[in-house]
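A.B. asks: requesting a structural model of the entry that follows:
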Amino acid sequence: MSSTELPSLLTATASPKASAVRVAPGERLRTVRLPGITLSVRSRPPAREGLPPALFVHGLGGSSQNWSALMPLLDGLVDGEAVDLPGFGDSPPPDDGNYSVTGHARAVIRHLDAAGRGPVHLFGNSLGGAIATRVAALRPDLVRTLTLVSPALPELRVQRTAVPTALLALPGMSALFTRFTKGWSAEQRVRGVTALCYGDPGRVTDEGFRNAVEEMERRLQLPYMWDALTRSARGLVDAYTLGGQHSLWRQAERVLAPTLLVYGRRDQLVGYRMAQRAARSFRDSRLVCLPDAGHVAMMEYPEAVAAAFRDLLADAGARGPGAGGWGADVYPELDSYSPGPGPGRVSGVRAESGAASALASGSASDPGSGSGSVDSSGVGGSVAGGGSAGADSAGSVADGPPPGNPGGGS
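C.D. replies: Numbers count the residues shown, from 1 in each chain. This is a model prediction of the structure:
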């Protein structure tokens, strides 16, 4: 998810028409048609001209709505847009039926190349974190900074609550889940999602819950919903089995962009213990651990995530354009901004720059009230990883970077 939902919460109810997707105040939707894919893109009018672009990528079963709480908090920093991956949100399935991590990464790259928006501040949650990692590794010319919220990177020792993600990828399991959940109401499904994805389900407001139920009902009308979910889960499992230079962890080591890593201590899908490995793998990283957050920190504690991103900008800007390619000339407001007290401290949540991590203990000092929304469907998180080559070939993710720029190849 960002995005996330227990696979057993979904059924394959099919209808040729679905209701209109929800658009929050200040947001706008547009359709982008590219060779082989059609993408729905959610955006907000930039606060001023000349802001660097940002792109937000949701996770398995989620949508661009997963970023609606965070995006307005970054209005003065970025010109942001969030994409619905093919087969999710309001985007139809890809023409070639490719739901692999590489296929989704290719869709992101095609969108950025066609729009000419790169380099962007790239955000990803869960599966979207794996996609963003692959994009940043293979097309560094497109990525200004990288922010990953509970990225779905391979784990060998999985949490029991993440097992349904792996099961969803097995042949025949979708039919089993469909029969098992046939009588479940949309409200039951959303409550299951909330319990799985939120560190504290009580943070979801009544309005947020109603919106999530409406979105669940809309998605259940889509004839391709179950296929997109199942095949994307299978693509994630395939990516976890890749070894060598195609491995997501090896690609994380190749990322050049300054990287912000956000993990929730109560995450039931991506193991909190993976935070330290991620901080060691991304060469220019900053780690923020939220003690009370679950799998979707950008929905639960958007203010804390926004503050951490602002700290990342301040750190990279202080090093000058040579480090991040931008600085106070792009963000004049950062001239008067300083990170929280201590070494990168954010609202009672400990954070450190570099490969070393600082894992917080106790409770955060209420870094934000949260959006009150909840993702209505999806599966996120960790599944078992191996070491042998799989079906998700990372080498063909893009047509290649523009001439003269570093990039691609695996």
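A.B. asks: so where is this structure shaky, pLDDT-wise?
C.D. replies: 1-19, 156-181, 318-410 (pLDDT under 70).
A.B. asks: again, 50 this time
C.D. replies: 1-17, 321-391, 393-410 (pLDDT under 50).
A.B. asks: now the helices for it?
C.D. replies: For the chain, applying DSSP state H gives helices covering 101-115, 127-138, 163-168, 173-180, 186-197, 206-220, 225-241, 248-254, 274-281, 297-300, 302-318, 321-324.
A.B. asks: can I get those in a markdown table with distance to Cys289?
C.D. replies: Quick note: C-beta positions are derived from backbone N, CA and C, even for glycine. Below are the helices of the chain laid out as a markdown table (distance: least, CB to CB, whole Å):
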| stretch | distance to Cys289 |
| --- | --- |
| helix 101-115 | 25 |
| helix 127-138 | 15 |
| helix 163-168 | 22 |
| helix 173-180 | 32 |
| helix 186-197 | 17 |
| helix 206-220 | 24 |
| helix 225-241 | 23 |
| helix 248-254 | 18 |
| helix 274-281 | 6 |
| helix 297-300 | 10 |
| helix 302-318 | 10 |
| helix 321-324 | 23 |
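A.B. asks: tell me which of these is the most buried.
C.D. replies: Of all the helices of the chain, helix 297-300 has the most neighbours on average by mean count of other CB atoms under 10 Å, namely a mean of 31.
A.B. asks: what's it packed up against?
C.D. replies: For helix 297-300, the packing partners by 3 or more CB pairs under 8 Å, 6 or more residues apart in numbering; DSSP states H and E come out as strand 259-264, helix 302-318.
A.B. asks: give the closest residue to Thr194 in space, chain neighbours not counted.
C.D. replies: Of all residues not flanking Thr194 in the chain, Pro201 sits nearest, at 4.4 Å (CB to CB, 6 or more residues apart in numbering).
A.B. asks: neighbours around the one you found, how many?
C.D. replies: Residue neighbour count, defined by other CB atoms under 10 Å, stands at 16 for Pro201.
A.B. asks: quick one, what contacts it?
C.D. replies: Neighbour list for Pro201: Arg191, Thr194, Ala195 [criterion: CB atoms under 8 Å, 6 or more residues apart in numbering].
A.B. asks: so the second one makes contact with Val204?
C.D. replies: This points to Thr194. Yes. Using CB atoms under 8 Å, Thr194 is in contact with Val204, at 5.6 Å.
A.B. asks: wait, which of the helices and strands packed on helix 297-300 is closest to Pro72?
C.D. replies: helix 302-318 (8.7 Å; CB to CB).
A.B. asks: just want the angle from that closest one to strand 259-264.
C.D. replies: 160 degrees (axes from the mean of the first three to the mean of the last three CA atoms, to 10 degrees).
A.B. asks: can you redo the contacts of Pro201 as TSV with distance to Glu303?
C.D. replies: Shown next, in TSV, are these (distance: CB to CB, whole Å):
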residue	distance to Glu303
Arg191	25
Thr194	20
Ala195	23
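A.B. asks: let me see the backbone angles for Ser68.
C.D. replies: phi -70, psi -20 (degrees, to the nearest 10).
A.B. asks: nearest spatial neighbour of it, skipping sequence neighbours?
C.D. replies: Distances taken as CB to CB, 6+ apart put Ala24 closest to Ser68, at 4.8 Å, once the chain neighbours are dropped.
A.B. asks: what about that neighbour, distance to His295?
C.D. replies: 21 Å (CB to CB, to the nearest Å).
A.B. asks: could you check which of these two is surrounded by more residues?
C.D. replies: With neighbours defined as other CB under 10 Å, Ala24 and His295 compare such that His295 has more, 33 against 15.
A.B. asks: was I right about the more buried one contacting Leu269?
C.D. replies: Yes. The criterion here is CB under 8 Å, and His295 meets it with Leu269 at 4.7 Å.
A.B. asks: residues near Gly36, how many?
C.D. replies: Neighbours of Gly36 under the rule other CB under 10 Å: 14.
A.B. asks: hmm, Pro93 and it touching each other?
C.D. replies: No. The pair Gly36 / Pro93 is not scored as a contact, 10.6 Å apart, by CB under 8 Å.
A.B. asks: now distance to Asp141 too, for the helices and strands packed on helix 297-300, in a markdown table please.
C.D. replies: Shown next, in a markdown table, are these (distance: least, CB to CB, whole Å):
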| stretch | distance to Asp141 |
| --- | --- |
| strand 259-264 | 16 |
| helix 302-318 | 17 |
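A.B. asks: between the contacts of Pro201, which sits nearest Ser68?
C.D. replies: Once CB to CB is applied, the member of the contacts of Pro201 that ends up nearest Ser68 is Thr194, at 16.3 Å.
A.B. asks: Arg283 versus the closest one, what's the distance?
C.D. replies: Counting by CB to CB, the gap from Thr194 to Arg283 is 36 Å.
A.B. asks: for Glu49, same thing?
C.D. replies: Distance, Glu49 to Arg283, using CB to CB: 33 Å.
A.B. asks: more neighbours, these two?
C.D. replies: Arg283 (15 against 6).
A.B. asks: so the more buried one touches Leu146, yeah?
C.D. replies: No. Using CB under 8 Å, Arg283 is not in contact with Leu146, being 11.2 Å away.
A.B. asks: looking at the helices of the chain, which is nearest to Asp79?
C.D. replies: Among the helices of the chain, helix 101-115 comes nearest to Asp79, with 11.2 Å by CB to CB.
A.B. asks: could you say what helices and strands that closest one packs with?
C.D. replies: Looks like helix 101-115 contacts strand 28-34, strand 37-43, strand 53-57, strand 79-84, helix 127-138, helix 225-241 (3+ CB pairs under 8 Å, 6+ apart).
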